[in-house]
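Asker: My questions are about this predicted structure, shown below with the sequence.
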Amino acid sequence: MWTGIVKGHVTATMKHASLKTAKMLIVQPLNPVTQQPEGLAQIAVDRMGAGRGQKVLISGDGAGTTAILGADRTCPIRLAVVAILKDDDIHVTEAVAV
């Protein structure tokens with residue numbers, strides 16, 4: 001899991017059937033300590049209702065994403081918004097290497 005900030009949404013004229021019930025967002029990962037943008041923006045599916053500028057918690061568990069969407073193994077996306085965060089929800093005192 002990681003935190004990010006929503007930069008926008010994806011508009012598609014054609015979608016995989018499993019994605020028709022959710023919107024796709026462009027999410028910029030944030031450094032867990034500094035909360036500054038880090039790395040490349042990613043596309044995540046959203047059923048929480050997140051909007052541009054909001055901080056979100058992203059799950060990279062593809063099986064969890066297919067469960068959220070009620071999809072099967074052919075679902076082409078693995079990232080999902082699992083929470084919308086407030087600024088005071090994030091408290092990291094030090095980063096620990098895993």
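Answerer: Ah, there it is.
Asker: any weak-confidence spans in this protein?
Answerer: 88-98 (pLDDT under 70).
Asker: Do you have the strands of it handy? List them.
Answerer: Counting by DSSP state E, the chain has strands at residues 2-10, 23-29, 42-46, 55-59, 80-85.
Asker: Among these, which comes closest to Thr74?
Answerer: Thr74 lies closest to strand 42-46 among the strands of the chain, at 14.3 Å (C-beta to C-beta). For the C-beta atoms, the positions are set from N, CA and C on the backbone; glycine is no exception.
Asker: tell me which residues of that closest one are tucked away?
Answerer: Within strand 42-46, the residues that qualify as buried are Gln42, Ala44, Val45, Asp46, counting by 16 or more other C-beta atoms under 10 Å.
Asker: thinking again about what came up before, with distance to Thr65 added, can I get the strands of the chain in TSV?
Answerer: As requested, the strands of the chain are exported to TSV (distance: least, C-beta to C-beta, whole Å):
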stretch	distance to Thr65
strand 2-10	14
strand 23-29	12
strand 42-46	6
strand 55-59	7
strand 80-85	4
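Asker: ok, for Arg78, nearest residue in space, not its chain neighbours?
Answerer: Gly62 (3.5 Å; C-beta to C-beta, 6 or more residues apart in numbering).
Asker: How much space separates that neighbour from Ile5?
Answerer: 22 Å (C-beta to C-beta, to the nearest Å).
Asker: More neighbours: which of those two?
Answerer: Just comparing Gly62 and Ile5: by other C-beta atoms under 10 Å the higher neighbour count belongs to Ile5, 19 against 15.
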